[in-house]
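> Structure, please.
(chains A, B and C)
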Amino acid sequence: MIPDNFYHHLMTPTSSSSLQSISSSSSSWNRVQDKQFENGLVMYSEETPNRWEKIASHVEGKTSLEVEQHYQLLIDDVKAIEAGLVELPSYTDDQLIHHRDTNNNSQISFGSKSKTSSETERRKGTPWTEEEHKLFLIGLQKYGKGDWRSISRNAVVSRTPTQVASHAQKYFNRINSDKKEKKRSSIHDITVDEASLVQANNQNTIVPVIDRSQQNMGASNTQSSYPNHGGAYQGFRFPM
DNA sequence: TATAGGGGTAGAG
DNA sequence: CTCTACCCCTATA
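Just a heads-up that it's a prediction; the model follows:
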């Protein structure tokens, strides 16, 4: 059950024509290309000379210019999120609220097993959305691998450092072992492209892959998946 | 049905 | 806090 306003927060209806200008006709990115692009991003840091050339060399059928533009789109997107933060429409179950308190943030509270009765209860697991993953990638760029705390605080605000680390683990795990045999699809294969073109255009030719996982999740878990929030969840902060 | 994907967690560093 | 290994659940082949 994806809300209609799922991606709409990304758009700036005002007079933003920045991203539209580049969406000429050649801005069609495959999942493959996007994946390659994504890999390239993590492969070459921002300081890398001729970064886009390097990355482009890993992306089939894309020039360094196109890659750079694609990146700009991504950045623009993320900036929009950061700017208008305060409401990522997705996964905000019902009442988005709580600001992550500066004191005991991080490490989700319910992690500390209140073994009052039994249960080392394993928490449900909230699938990462593309927005989160995008933010994650950006955070990765900005703060580098390992600084999950910064990424959590400044990029993927909706996730705790632990969650980010966990996600990163799977992400890199996949990147490293991917190529050649992968039996299944994953969110890590998708990422940027989906949301990017969604916010740039509409539905294009491809069908959102996340659709299945999203709706399945929604159908199965509903939103009652959160036993308690402990206050350490969805925090909002402002980059300074 | 078997298992890869994926999130959370425990424990060590 | 970060890293690594592991557990457990679910979607997918």
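> what comes up buried for the biggest helix by length in chain A?
For chain A, the longest helix by residue count, based on DSSP state H, is helix A:64-83. By 16 or more other Cβ atoms under 10 Å, the buried positions in helix A:64-83 come out as A:64, A:66-71, A:73-74, A:76-78, A:80-81. For glycine as for every other residue, the C-beta is placed from the backbone atoms N, C-alpha and C.
> and it, what does it pack onto?
In terms of contact count using 3 or more Cβ pairs under 8 Å, 6 or more residues apart in numbering; DSSP states H and E, helix A:64-83 is assigned the packing partners helix A:18-21, helix A:31-43, helix A:51-56, helix A:130-143, helix A:192-200.
> how about the buried residues of helix A:64-83 in CSV, adding distance to A:Arg174?
Putting the buried residues of helix A:64-83 into CSV (distance: Cβ to Cβ, whole Å) gives the following:
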residue, distance to A:Arg174
A:Ser64, 25
A:Glu66, 25
A:Val67, 21
A:Glu68, 25
A:Gln69, 26
A:His70, 21
A:Tyr71, 21
A:Leu73, 23
A:Leu74, 19
A:Asp76, 26
A:Asp77, 22
A:Val78, 21
A:Ala80, 27
A:Ile81, 24
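> closest to A:Gly139 among those residues?
Lowest distance from A:Gly139 to the buried residues of helix A:64-83 (Cβ to Cβ) belongs to A:Val78, with 9.2 Å.
> where does chain A dip in pLDDT?
Using pLDDT under 70 as the threshold, the predicted model of chain A has low-confidence ranges A:1-27, A:31, A:81-123, A:178-240.
> Could you confirm whether stretch A:155-164 reaches DNA strand B?
Yes. With Cβ under 7 Å from any atom of the strand as the measure, stretch A:155-164 is seen reaching DNA strand B through A:159, A:162-163.
> Mind giving me the PyMOL command for buried ones among those?
Filtering those down to the buried ones (16+ other Cβ under 10 Å) takes a single PyMOL command:
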select buried, chain A and resi 159+163
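> which of the buried residues of helix A:64-83 lies closest to DNA strand C?
Taking Cβ to the nearest atom of the strand as the measure, DNA strand C sits nearest to A:Val78 out of these, at 20.1 Å.
> mind listing what the closest one touches?
For A:Val78, the contacting residues are A:134-135, A:138, taking Cβ atoms under 8 Å, 6 or more residues apart in numbering as the criterion.
> Can you convert those residues into JSON lines and add a column each for distance to DNA strand C and neighbour count?
Compiled in JSON lines, the contacts of A:Val78 are given as follows (distance: Cβ to the nearest atom of the strand, whole Å; neighbours: other Cβ atoms under 10 Å):
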{"residue": "A:Lys134", "distance to DNA strand C": "20", "neighbour count": "24"}
{"residue": "A:Leu135", "distance to DNA strand C": "16", "neighbour count": "26"}
{"residue": "A:Ile138", "distance to DNA strand C": "16", "neighbour count": "24"}
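> Mind putting the residues you listed into TSV with distance to A:Ala56?
TSV is the format used below for the contacts of A:Val78 (distance: Cβ to Cβ, whole Å):
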residue	distance to A:Ala56
A:Lys134	20
A:Leu135	24
A:Ile138	19
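> Quick check: closest non-adjacent residue to A:Gly144.
Counting by Cβ to Cβ, 6 or more residues apart in numbering, A:Ser45 is the residue found nearest to A:Gly144 once chain neighbours are left out, at 7.7 Å.
> That neighbour - how many residues pack around it?
Applying other Cβ atoms under 10 Å, we find 12 residues neighbouring A:Ser45.
> In contact with the closest residue in space to A:Ile55 that isn't next to it in sequence, which residues are there?
Nearest residue to A:Ile55, sequence neighbours excluded (Cβ to Cβ, 6+ apart): A:Gly40, at 3.2 Å. Counting by Cβ under 8 Å, 6+ apart, A:Gly40 makes contact with A:54-56, A:58-59, A:67.
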